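**Q** Got a sequence here, can you build the structure:
(2 chains)
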Amino acid sequence: MNDELLRVSGVTHVFGRGAAAVRAVDGVSLAVPAGQLLLIMGPSGSGKTTLLTIIGGLLRPTSGSVIVNGVEITALSESQLVPVRRRSVGFVFQSFNLWESLTARENVELPLNMAGVGGSRARERATQLLEERGLANRLNFRSRDLSGGEKQRVSIARALANEPRVLLADEPTANLDSTHGLEIMGLLREIARSGGSSGEAGAGRAVIVVSHDQRIREVADRVLWMEDGRVRDIGHVVRDPVCGMGVEVDRAVAVVLEGRTFHFCSRGCSLEFLASPERFLAGTREGRS
Amino acid sequence: MVPVARRNLFAEKGRFAISVAGVAFAVLLIMTVLALYRGWSRTGQIFQEMPGQLWVVQQGTSDPFHSVSLLERADLERVASVSGVQTVVPVLSRQMSLGATGSEESVRLMALDASAGLPVTPEVRDRFLPDRGTIIIESILSRQSGLHEGDRAEFGDLSLTVADVRPAGSEVLSQFAFVNFEDAKRIFGVGGIVTYGMVVVSEDAGVPAVAAAIADQNPRLKVYTDEEFATSIRKEIDESFIPVIAILVAIGFVVGAAVVGLTIYTATIERTREFGVMKAVGGSAGFLYRIVLSQSAILTAAGFVAGLLGSLVVADLAARAVPEFATDFQARDIAAVGTAALVMAVIASLVPARRVNSIDPAIVFRA
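**A** Below you'll find the predicted structure:
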């Protein structure tokens, strides 16, 4: 696949030994291209977070390999992993994990400092990232004084600070109400599609979200189900070009037009599309597979 | 750069203040004890402030306070003939009881015989050569005895008027008071006997050579340079005071390091998750260690400044309450304590730094 940013091959991770051994991740393989938002769902204890931790280079798998943006991180030493975490991968956490004593802007500035960007350059970049997320009037607020939605937006801005090509989000909507949850997912989708920040090289990113939240399926491009450490594809999700809803390719109403296939949530949407396709096709590949 | 260390420390101002106070107390203890030692180490300096460069004493005399030197004037007259000697001034000196307004104080009484050809400058006259019937004392003795300018000081049947109260000097083992040589002869009840000979060396003569020539001339005499004579008094202080100083400084150092270490360790434990996040998003071990070290350095620097200022205040208050509390804050000691504080900061950050190094960044995914 073109511009593949993440490839996981046969990754297995076993916690403990002997009779107490637990196979948290069991032979998982997947690939995520730029521009795709991959959702991994599954029950608690299924190994989702462990898989995310391995992809992020925070945990070494028992076997298998992970390639992030062309670099096999499973072959790297601990010290070699530091720049990978700094520049190639961004993290968004369930509990935000902001640095409480710092302001919103400083939370975004710090990863830039770690990457060697300091002074006004770091400040301007942090300000830009926060302003793009609607936090222009919260720049100097201590993170503890922000609402849940604001904290998560700061967390996303922080994750994007060093322009990683892969973004990992662990239950990003778990501590948010439905409005803020959808808002955050919209942001993540935007990040996958266009990079989520103006003026960045290489538009699309690979966004991998681990969540229980069924609402997220609507915005995901692809959904994996994880159970007992194994994953299976439960749908390639595309957007209905008429109503904008995410639909699973296998279950959607499909229409072929001029050699291209479009998917719809219902027959009504497909008929509306066929009546005037040019209305829905301008400048978009949505709903096409 | 984002001032993470400062933000972390100031996030909890109460604890920061308590920790700074802990370090400040340690610095205060170290600084005050050192300044006290330096102050006491100036004891005997008065012999270097008098106009002579050599002191001739009876052979066997170890120091001015613990042994008595008795010299015949004739011996000093022979010393005057030694090449390079400009003048030999007979000196009477003895520890005496001074009677003052209902109390008695011990004082080191001294008298120089200016008639022997001592070059008298106004400063020498004002400090060391009172007129007959008068006495020059220092402010510590004044506060101890209650004597002020114009009051009467009693030595047996002789009553002297306080001519001047000079600012506190450097003497802590005993206070020095200067009387006229003729009055001293009457108080001590001696005739042709003096205590020391103070030698003024000619400008074109070498002090060591003159000292050697005097010693060669008369084996019953011992010759000290003014510095050696002063040092003979300080020896007692150095021998008894330095071990005590060393222990107190060590205690202060350990207390300071423990306070900084515990504070930084606690702050690190409380922020384990935040440090884990830093590691997860690409913070190197060096980056995290710099934060811990900076926290430690900020805390120590604040404590050092507070402790230094506190020690100056304490020394001033203590000197008002106890006149003998003579301190001397020297730049080299302040620099040394500052360096020690820096070492303290580094040592105190080692354990928390190890803790930070051992944090598993995967902790960030635990809810």
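
**Q** Domain boundaries for the chain, per the record?
**A** By default, I'm working from chain A. Structural domains annotated on chain A: A:4-237, A:240-281, as defined by automatic domain parsing.

**Q** right idea, wrong chain: chain B
**A** Here the domain parsing of chain B from automatic domain parsing is B:4-43+B:235-365, B:60-219.

**Q** and of these, who's closest to chain A?
**A** Using CB to the nearest CB as the measure, domain B:4-43+B:235-365 is the one of these that comes nearest chain A, at 2.5 Å. Where you see a C-beta, it was placed from the backbone N, CA and C, and this is true even at glycine.

**Q** Could you dump the domains of chain B into JSON lines with mean neighbour count, distance to A:S44 and mean pLDDT added?
**A** Written out in JSON lines, the entries for the domains of chain B read as follows (neighbours: other CB atoms under 10 Å in any protein chain shown; distance: least, CB to CB, whole Å; pLDDT from 0 to 100):
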{"stretch": "domain B:4-43+B:235-365", "mean neighbour count": "19", "distance to A:S44": "13", "mean pLDDT": "87"}
{"stretch": "domain B:60-219", "mean neighbour count": "17", "distance to A:S44": "76", "mean pLDDT": "89"}
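
**Q** A:H13: which of these is closest?
**A** Nearest to A:H13 among the domains of chain B is domain B:4-43+B:235-365 (11.2 Å), distances taken as CB to CB.

**Q** Go ahead and measure how far the closest one is from the middle of the chain.
**A** Centroid separation between domain B:4-43+B:235-365 and its chain, computed with CA atoms, centre = their mean, to the nearest Å, is 24 Å.

**Q** residue contacts, whatever residue of the stretch 1-150 of chain A ends up closest to chain B?
**A** In the stretch 1-150 of chain A, no residue comes nearer to chain B than A:R86, which is 2.5 Å away by CB to the nearest CB. For A:R86, the contact set (CB atoms under 8 Å, 6 or more residues apart in numbering or on different chains) comprises A:111, A:114-115, A:162, B:281-283.

**Q** Which pair of the residues you listed spans the longest distance?
**A** If you compare every pair in the contacts of A:R86 using CB to CB, the most distant one turns out to be A:N162 and B:G283, at 12.0 Å.

**Q** Can you flag the weakest of the domains of chain A by average pLDDT?
**A** Across the domains of chain A, the stretch with the lowest average pLDDT is domain A:240-281; it has a mean of 86.

**Q** which parts of the stretch 51-200 of chain A sit against chain B?
**A** A:52-53, A:56, A:58-59, A:79, A:82-87, A:90-91, A:93-95, A:97, A:99-102, A:106, A:109-111, A:113-115, A:118-119, A:122, A:158-159, A:162, A:170-171 (CB under 8 Å from any CB of the partner chain).

**Q** Contacts made by stretch A:37-51 with the rest, please.
**A** Judged by CB under 8 Å, 6+ apart, the contacts made with stretch A:37-51 from elsewhere in the structure are A:8, A:11, A:13, A:24-26, A:28, A:30, A:32, A:52, A:59, A:170, A:188-189, A:192, A:206-212, A:214, A:216-217, A:219-229, A:231, A:234, A:237, B:365.

**Q** Hmm, I typed the wrong one, I wanted stretch A:207-219.
**A** Under the contact criterion CB under 8 Å, 6+ apart, stretch A:207-219 has outside partners A:6, A:32, A:36-41, A:44, A:48-49, A:51-52, A:55, A:166-174, A:178, A:181-182, A:185-186, A:188-189, A:191-192, A:220, A:223, A:235, A:237, A:245-246.

**Q** Are any of the residues you listed buried, and if so which?
**A** Judged by neighbour count, with 16 or more other CB atoms under 10 Å in any protein chain shown as the criterion, the buried members of the contacts of stretch A:207-219 are A:6, A:32, A:36-41, A:48-49, A:51-52, A:55, A:166-174, A:181-182, A:185, A:188-189, A:191-192, A:220, A:223, A:235, A:237, A:245-246.

**Q** which ones among these are found in strands?
**A** Residues of the buried ones among the contacts of stretch A:207-219 located in strands (DSSP state E): A:6, A:32, A:37-41, A:166-170, A:223, A:235, A:237, A:246.

**Q** Pull the distance from stretch A:151-158 to the chain's centre.
**A** For stretch A:151-158, the separation from the chain centroid amounts to 13 Å (computed by CA atoms, centre = their mean).

**Q** which outside residues touch it?
**A** Residues outside stretch A:151-158 that contact it (CB under 8 Å, 6+ apart) are A:90, A:92-93, A:96-98, A:104, A:107-108, A:110-111, A:126, A:129-130, A:132-135, A:138, A:143, A:146, A:172, A:175-176, A:180, A:184, A:187-188, A:191, A:196, B:281.

**Q** For chain B, which residues are neighbours of chain A?
**A** Residues of chain B found near chain A, taking CB under 8 Å from any CB as the criterion, are B:1-2, B:4, B:7-8, B:10-11, B:273-274, B:277-284, B:287, B:360-362, B:364-365, B:367.

**Q** where along chain B do the helices fall?
**A** Across chain B, reading from the start of the chain, the helices by DSSP state H fall at B:4-10, B:13-41, B:46-49, B:73-79, B:122-128, B:139-145, B:181-188, B:207-217, B:226-270, B:272-280, B:285-321, B:331-357.

**Q** Okay, and the beta partners of residue 222?
**A** All of this is about chain A. Note on A:R222: beta-bridge partners by DSSP bridges are A:L38, A:H236.

**Q** oops, chain B please
**A** B:V57.

**Q** count of neighbours near it?
**A** For B:K222, the count of nearby residues is 18 (other CB atoms under 10 Å in any protein chain shown).

**Q** what's the answer for A:L58, then?
**A** Summarising burial for A:L58: neighbours were counted as other CB under 10 Å, giving 22.

**Q** SS state for it?
**A** coil (DSSP: H, G, I helix; E, B strand; the rest coil).

**Q** isn't it right next to B:V277, touching?
**A** No: A:L58 is beyond contact range of B:V277, at 10.9 Å (criterion: CB atoms under 8 Å).

**Q** Mind listing the shared neighbours of those two?
**A** For the pair A:L58 and B:V277, residues contacting each of them under the criterion CB under 8 Å, 6+ apart are B:361, B:364.

**Q** Determine the longest strand present in chain B.
**A** strand B:85-100.

**Q** what's the angle from it to helix B:207-217?
**A** For the pair strand B:85-100 and helix B:207-217, the angle between their directions (axes from the mean of the first three to the mean of the last three CA atoms, to 10 degrees) equals 90 degrees.

**Q** Export only the CA atoms of strand B:85-100, formatted as CSV.
**A** Output for strand B:85-100, consisting of C-alpha atoms alone and laid out as CSV, is shown next (Å, rounded to 0.1, in the frame of the first residue of the first chain):
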residue,chain,number,x,y,z
VAL,B,85,66.9,47.3,65.5
GLN,B,86,65.4,50.8,65.4
THR,B,87,63.8,50.7,68.9
VAL,B,88,63.1,48.3,71.6
VAL,B,89,60.0,49.2,73.6
PRO,B,90,59.6,47.7,77.1
VAL,B,91,56.1,46.3,77.5
LEU,B,92,54.3,45.4,80.7
SER,B,93,51.4,42.9,80.4
ARG,B,94,49.4,40.9,82.8
GLN,B,95,45.9,39.5,83.4
MET,B,96,44.3,41.7,86.1
SER,B,97,41.0,42.2,87.9
LEU,B,98,39.4,45.4,87.0
GLY,B,99,36.9,46.9,89.5
ALA,B,100,34.0,48.6,88.0
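
**Q** That concludes my questions; thank you for your assistance.
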